[in-house]
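Asks: One predicted model, sequence on top.
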Amino acid sequence: MLNVLVIGSGNYVCGRGTAGFGTILPALCEWKRRGHELNTVMVSGTRADGVTALKAKLEELEEHMGVQLQARCLPDGRHNDPQAYRKALRDLPRPACAIVVVPDALHAEITTRVMEAGIHVLVVKPLAPTVDEVLRLLDTQKRHRVYAAVEFHKRWDAANLMLRDAVVRGLIGEPQYFVVEYSQRKEIPAHQFKVWAETTNSFQYLGVHYVDIIYFVTGARPVRVAAVGQRGWLAATGIDTCDSVQVMVEWQMLSGSKFASTFLTNWVDPAGTSALSDQRIKVIGTKGRFESDQKRRGIQVVSDDQGTEEPNPDFCLAYQVPGCEKIAYRGYGIESVHTFLKDVTRIAEKDIDPADLEGQRPTFRDALVSTAVVEAANHSLAKDGQWVDVQLPASW
């Protein structure tokens, strides 16, 4: 019976600071609602007030779904404890897995501790900000023989699977260029992530998703990167990071042909936008083109209370269960987490080995590509847009 530790207690875990419930706790509740067994569930935060807020969110979510996780939350007193997750690692029964949902700069340290405890791990993106950190994580993973993946949920989006199919089958010919646009409302860096927003930027936090998708779709190797950014609104609010970042990446296919990708990202969309995230991807090939508007999914809701909304029914959305008053969650955000839980269960039952999942999942080795692009982009930003070579190991 599986035991799960969630490290982190913020927005993506439980929807703290929003009217929703995030993605991780709904995924765990939905896993149990569908009849899968969960033994011990632990959630580790750092601040006592944050854990109190999480408990309130979880209680409300359990009522809505008719599911009881009976999660143990740490720290369990009135005092803050940045190391509470280490106690959780010691107390968590085996077989076990952990889901790491903390600010980017903490990923490497915490994930290392998890793997050293012999626990399989899923980490939200980006895996880490630097290649050296990822290489050390890969070494730790190898030494402790655990399964380690990154929660790149866009790999489960049907629109991106259609894109991959179009490229792999040669429907649009050899790729020549990709254009990605991805932005979010100002409230994300200015309120929800205010404590750590200046340690990252919109490309590292948002664009990295589509760096992984381009790699997933093409199998190409990134060669060099140039990035520029604009500062203004966020700096004026006391957050030292770029409002917007534009990045160009040159890639090389296994065939030797090259293509470019342009990423246009920002963190200063107005509060009145019809969706939290505005995102789209386009690829032009020698035989055709593929365009995917990943904000407008064909649904618009207009109400006195919420104004105009364009929800994404494909990511992580609650639906009324027919015949009762409870809700269920569906979407590729849920499927991403559930795939990890299924993989860990099969590993525990010795049906598969972690090595069997290489090439099938967004593993740490795959994540080396997106991290290398992020690091090169950050170096280019610091060098006023100069081209920077992507540093991938020769053996990769």
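Replies: Cool, the structure landed.
Asks: Residue 39 belongs to a strand?
Replies: Yes - using DSSP: H, G, I helix; E, B strand; the rest coil, the assignment for residue 39 is a strand.
Asks: what about it, neighbour count?
Replies: 13 (other Cβ atoms under 10 Å). For every residue, glycine as well, the C-beta is placed using N, CA and C.
Asks: Identify the residue nearest it in space, chain neighbours excluded?
Replies: Excluding the flanking residues, the one nearest residue 39 by Cβ to Cβ, 6 or more residues apart in numbering is residue 1, at 4.1 Å.
Asks: Now do the contacts for that neighbour.
Replies: By Cβ atoms under 8 Å, 6 or more residues apart in numbering, residue 1 lies in contact with 37, 38, 39.
Asks: wait, doesn't the last one sit right on residue 94?
Replies: No - between residue 39 and residue 94 there is no contact, the gap being 10.0 Å when judged by Cβ atoms under 8 Å.
Asks: so which helix or strand takes in residue 373?
Replies: helix 364-382 (DSSP states H and E).
Asks: All the helices of the stretch 101-250 of the chain, residue numbers only.
Replies: For the stretch 101-250 of the chain, the helices defined by DSSP state H, counting those that start in this stretch occupy 107-116, 131-144, 158-168, 187, 202, 208-218, 233-236.
Asks: Now do the second one against helix 107-116, angle only.
Replies: With axes from the mean of the first three to the mean of the last three Cα atoms, to 10 degrees applied, the angle from helix 131-144 to helix 107-116 works out at 0 degrees.
Asks: avg pLDDT for helix 131-144?
Replies: Mean per-residue pLDDT for helix 131-144: 98.
Asks: do stretch 4-23 as well
Replies: Stretch 4-23 shows a mean pLDDT of 95.
Asks: Give me the helices and strands touching the helix or strand of the chain with the lowest mean pLDDT, please.
Replies: For the chain, counting by mean pLDDT, DSSP states H and E, strand 307-309 ranks last in confidence among helices and strands (a mean of 92). On a contact count with 3 or more Cβ pairs under 8 Å, 6 or more residues apart in numbering; DSSP states H and E, strand 307-309 meets strand 301-303.
Asks: Sheet partners, orientation included, of the strand it packs on?
Replies: Here strand 301-303 is paired, per DSSP bridges, with strand 307-309 (antiparallel).
Asks: If we go by neighbour counts, what in the strand it pairs with is buried?
Replies: For strand 307-309, the neighbour count (16 or more other Cβ atoms under 10 Å) marks no residue as buried.
Asks: Distance from the chain centre to the next helix or strand after the helix holding residue 373, please.
Replies: Next helix or strand after helix 364-382 toward the C-terminus (DSSP H and E): strand 388-389. From the chain centre to the centre of strand 388-389 is a distance of 25 Å (Cα atoms, centre = their mean, to the nearest Å).
Asks: Strand 388-389 - what's its average pLDDT?
Replies: Confidence for strand 388-389, expressed as mean pLDDT, is 98.
Asks: again with stretch 93-111
Replies: 97.
Asks: next one: stretch 70-78
Replies: Per-residue pLDDT values across stretch 70-78 average out to 91.
Asks: before we move on, back to that, tabulate the contacts of residue 1 in a markdown table, adding columns for pLDDT.
Replies: Converted to a markdown table, the contacts of residue 1 look like this (pLDDT from 0 to 100):
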| residue | pLDDT |
| --- | --- |
| 37 | 89 |
| 38 | 93 |
| 39 | 94 |
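Asks: related to what we said a few turns ago, return the most buried member of the helices of the stretch 101-250 of the chain.
Replies: helix 202 (a mean of 28; mean count of other Cβ atoms under 10 Å).
Asks: Contacts for it next, please.
Replies: With Cβ under 8 Å, 6+ apart, helix 202 has contacts from 182, 183, 184, 242, 243, 244, 245, 265, 266, 267.
Asks: so how far is that helix off the chain centroid?
Replies: On Cα atoms, centre = their mean, the centre of helix 202 falls 13 Å from that of its chain.
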